[in-house]
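Novice: 3D, please:
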Amino acid sequence: MHDLLALSSNTSRGLNHAAPSTSSIADSTDVDYWYRLGLRNAYAQAAGLVLARELEDDPFVIAERITRSLDAGVTDMTALRSAAYGHAAPTTSERQLHWMGPKEFTARHGVVSCADRDFGARWGGRGEQRITLRPNPLGGKGLLFAYDPVWDEFAVLVSDVMPAAVEAAFRHASDIDIHLDPVCFAELVHKHETKMRLS
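Specialist: Residues are numbered from 1 along each chain as shown. Down below sits the predicted model:
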């Protein structure tokens, strides 16, 4: 998902975003312009197809939201993702993570264990935050947390979570965006955990 939005945004750069009917573009024979416009729209349509099942929305409507944002000059990936999902980009995240240094994290949650389940270091805007599930030694639920190597800080995503919900969210996130923000990953975990409790 992130890659499709990035490709759509990159091919949109340099395009004249004035409506073709009100600009000289309508009379243009610049094949490159029309090719890039079609390519941008194709990437937006592919993103719409990826999200359609999750959002239970028409892929054309999702693609239209993306291209409308690009036409307005939006290039920020968070804002484009928000447009794709059909809500305005928040000026601040609804949920802010509490980041803490290694000493504070270890004092609160213990040291790294060989039982920790690593979900990779590809998450977040830079694609380098690590998400890990630390199972409760007594069984049952576990602690889901993120690690940012740039700042050498940890943040608790979900403090008492079903491992099966995290596994389901991981598979789901891989289909949506391999660089999903850890907060969004935690929201997916909550969504899957709720679904599992109800079934």
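Novice: use CA for all of it now, contacts and neighbours both
Specialist: Fine.
Novice: Quick one: the strands in this structure, in order.
Specialist: 99-100, 117-118, 130-135, 142-148, 153-161 (DSSP state E).
Novice: Tell me the strands beside the fourth one, with direction?
Specialist: Partners of strand 142-148 in the sheet, by DSSP bridges, are strand 130-135 (antiparallel), strand 153-161 (antiparallel).
Novice: quick one: contacts of the longest helix anywhere in the chain?
Specialist: In the chain, taking DSSP state H as the definition, the longest helix is helix 31-55. Helix 31-55 has contacts (C-alpha atoms under 8 Å, 6 or more residues apart in numbering) with 1, 4-5, 7-12, 15, 57-64, 66-67, 84-85, 175-176.
Novice: now the strands of the chain in a markdown table, with distance to Lys195, mean pLDDT and mean neighbour count?
Specialist: Output for these, formatted as a markdown table (distance: least, C-alpha to C-alpha, whole Å; pLDDT from 0 to 100; neighbours: other C-alpha atoms under 10 Å):
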| stretch | distance to Lys195 | mean pLDDT | mean neighbour count |
| --- | --- | --- | --- |
| strand 99-100 | 28 | 96 | 16 |
| strand 117-118 | 22 | 95 | 14 |
| strand 130-135 | 19 | 96 | 22 |
| strand 142-148 | 18 | 96 | 21 |
| strand 153-161 | 13 | 95 | 19 |
